[in-house]
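[1] no sequence for this one, just the structure:
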């Protein structure tokens with residue numbers, strides 16, 4: 001969220017006030033039943049709510065992604081907020097299509113807009129396989145570069161604009177910088193993901 005807020009600030013868009021609820025290894029079901037996510041949603045007047053969980057390729061996790069995306073989406077709409085679902089990436093360079101299929105199904109079933117960050121990762125690696133979207137010795141969590149790419153998708157998808165060509169940002173007081181050529185690759189990958197035509201399948 002800090003990267004998304006920094007992108008909005010750079011674009012001189014409306015300032016973003018955000019709250020992130022993201023304890024480790026927590027599904028949307030866990031957020032619904034065990035964390036502070038529901039009180040955080042209902043205790044403030046938000047404009048938007050962005051949902052995500054893990055890759056959700058296995059049948060059980062896919063079913064829960066679908067069910068709890070709809071529960072959160074309905075709760076968000078009841079509070080006047082627009083819900084979004086951010087598609088994540090597989091562990092390592094695994095089943096991108098499986099992740100996309102699960103997230104597309106969940107977004108369609110819950111009638112929410114899909115923010116296809118995972119597809120942007122795949123498109124970026126197709127252009128440059130050496131991009132360090134994961135940090136060293138970690139094939140689950142994003143590096144700052146991977147976070148930046150996901151933020152490009154979220155920012156553009158939520159604001160309905162073309163992804164920005166940005167190679168430097170001030171994020172929480174710290175400078176984030178990439179070479180201009182890398183920024184072009186990330187912009188083009190985010191654009192491809194956001195303009196891709198996803199064919200939703202059934203949740204079950």
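    Yep, it's here. Please read these numbers as outputs of a predicted model, since none were measured by experiment. Residues are numbered from 1 along each chain as shown.

[2] centroid-nearest residue for the protein?
    The centre of the chain sits closest to residue 86, judged by C-alpha atoms, centre = their mean, with a distance of 3.2 Å.

[3] I'd assumed residue 51 was in contact with it.
    Yes: using C-beta atoms under 8 Å, residue 86 is in contact with residue 51, at 6.9 Å. The way it works is simple: take the backbone N, C-alpha and C, and place the C-beta from them, glycine included.

[4] what about residue 47, how many neighbours?
    For residue 47, the neighbour count with other C-beta atoms under 10 Å is 12.

[5] and the gap between it and residue 55?
    28 Å (C-beta to C-beta, to the nearest Å).

[6] ditto for residue 117
    12 Å.

[7] residue 179: what's it in contact with?
    When contacts are counted by C-beta atoms under 8 Å, 6 or more residues apart in numbering, residue 179 touches residue 167.

[8] all strands for this structure, in order.
    Counting by DSSP state E, one finds strands in the chain at the ranges 48-51, 82-86, 113-115, 168-171, 174-177.

[9] note down every partner strand of the last one and its orientation.
    According to DSSP bridges, strand 174-177 forms sheet pairs with strand 168-171 (antiparallel).

[10] now swap in the longest one and tell me
    Within its sheet, and counting by DSSP bridges, strand 82-86 is paired with strand 48-51 (parallel), strand 113-115 (parallel).

[11] so for the first one, what gets flagged as buried?
    Within strand 48-51, the residues that qualify as buried are 49, 50, 51, counting by 16 or more other C-beta atoms under 10 Å.

[12] what do you get for stretch 167-175?
    Neighbour-count burial for stretch 167-175 [16+ other C-beta under 10 Å]: 167, 169, 171.

[13] shouldn't the first one be in contact with residue 185?
    No: because the distance of 10.8 Å does not satisfy C-beta under 8 Å, residue 167 is recorded as not touching residue 185.

[14] neighbours around the closest residue to residue 62 other than its chain neighbours, how many?
    In space, and not counting its chain neighbours, residue 62 is closest to residue 102: 4.5 Å by C-beta to C-beta, 6 or more residues apart in numbering. Look at residue 102: counted by other C-beta under 10 Å, it has 27 neighbours.

[15] so what's residue 102 up against?
    Residues counted as contacts of residue 102 (C-beta under 8 Å, 6+ apart) are 55, 56, 57, 61, 62, 65.

[16] kindly recompute the last result at 7 Å.
    Neighbouring residues of residue 102 by C-beta atoms under 7 Å, 6 or more residues apart in numbering: 56, 57, 62, 65.

[17] mind listing the helices for this structure?
    Assigned helices in the chain, in chain order: 2-10, 28-33, 37-42, 59-78, 96-110, 117-127, 144-159, 180-195 (criterion: DSSP state H).

[18] got a markdown table for those helices, with mean pLDDT too?
    As requested, the helices of the chain are exported to a markdown table (pLDDT from 0 to 100):
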| stretch | mean pLDDT |
| --- | --- |
| helix 2-10 | 95 |
| helix 28-33 | 96 |
| helix 37-42 | 94 |
| helix 59-78 | 96 |
| helix 96-110 | 96 |
| helix 117-127 | 97 |
| helix 144-159 | 97 |
| helix 180-195 | 98 |
